[in-house]
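Asks: Turn this into a structure:
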Amino acid sequence: MGNRAGDGFSTVSGGDAASPDGDGPSRRGSGARPGAGSGPSLKARAVAYLSRREHSRQELRRKLSAWCDDPAAIEAVLDELAREHWQSDQRYAQAYAHRAAARQGAQRILGALRQQGLADDELADLRDSLRATEADRARAVWQRKFGQPPADPREYARQYRFMAGRGFSADCIRRLLDR
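Replies: Residues are numbered from 1 along each chain as shown. Next up is the predicted model:
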């Protein structure tokens, strides 16, 4: 189980590698940013993040920037991870959509993915599959929350606002509430 030089996973003992909770750089010591020889390499940190759950490239870049001041080094690590299929924005989008689909509509899911730096052309297939199942997912969310049709215009507006806030399309909501 020894570390090999150049494997991207070597560590140097000593120094302030991480805070006690393991989420970020320690604030003890000289105040210099970690990463220049203390603790795991950038690649090892990125793989550790990816082993917990999928991350978008932008999200990994943000997390790794806490450990390294050199954007070129971070980009090199991200490129290597993408080449080796450790990180994939497509896989991240699928995983995120799978987690959120039971609670949210296509608009909200796609908006969150765009905020993570995914382009519309990367999301085309996902958008189509989310829209194909949106009516069923909306009905399930509505059933869990309300369970009965609105009795008056005020209740209709309340249910409509709730479903719209969850990211379901206006057409889908109207069909659901008007039936």
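
Asks: tell me the domain ranges of this protein?
Replies: As recorded under automatic domain parsing, the domains making up the chain are 8-87, 89-178.

Asks: Report the mean per-residue pLDDT for the longest one.
Replies: For domain 89-178, the mean pLDDT works out to 95.

Asks: So which residue is dead centre in the chain?
Replies: With distances taken as C-alpha atoms, centre = their mean, the chain has residue 55 as the residue nearest its mean C-alpha position (5.4 Å).

Asks: Now do the same contact list for the closest residue to it other than its chain neighbours.
Replies: Among residues not flanking residue 55 along the chain, residue 49 sits closest, at 5.6 Å (C-beta to C-beta, 6 or more residues apart in numbering). All C-beta atoms are positioned from the backbone trio N, CA, C, and that covers glycine. For residue 49, the contact set (C-beta atoms under 8 Å, 6 or more residues apart in numbering) comprises 55, 60, 63.

Asks: give me that answer again for 10 Å
Replies: With contacts defined as C-beta atoms under 10 Å, 6 or more residues apart in numbering, residue 49 is in contact with 55, 59, 60, 63, 64, 87.

Asks: Wait, residue 132 touches residue 106, no?
Replies: Yes - using C-beta atoms under 10 Å, residue 132 makes contact with residue 106 at a distance of 9.4 Å.

Asks: The two: which is more packed in?
Replies: Taking other C-beta atoms under 10 Å, residue 132 and residue 106 do not tie; residue 106 has more neighbours (25 against 10).

Asks: pretty sure the more buried one is touching residue 171, no?
Replies: No - at 11.5 Å, residue 106 does not count as touching residue 171 under the criterion of C-beta under 10 Å.

Asks: Which neighbours do these two have in common?
Replies: Shared contacts of residue 106 and residue 171 (C-beta under 10 Å, 6+ apart): residue 134.

Asks: longest helix anywhere in the chain?
Replies: helix 124-145 (DSSP state H).

Asks: Tell me the helix or strand right after that helix.
Replies: helix 153-165 (DSSP states H and E).

Asks: now what about that following helix, what contacts it?
Replies: Contacts of helix 153-165 (C-beta under 10 Å, 6+ apart): 104-105, 107-108, 138, 141-142, 145-146, 148-150, 152, 168-170, 172-174, 176-178.

Asks: Apply 6 Å and report the result again.
Replies: Helix 153-165 has contacts (C-beta atoms under 6 Å, 6 or more residues apart in numbering) with 146, 150, 173, 177.
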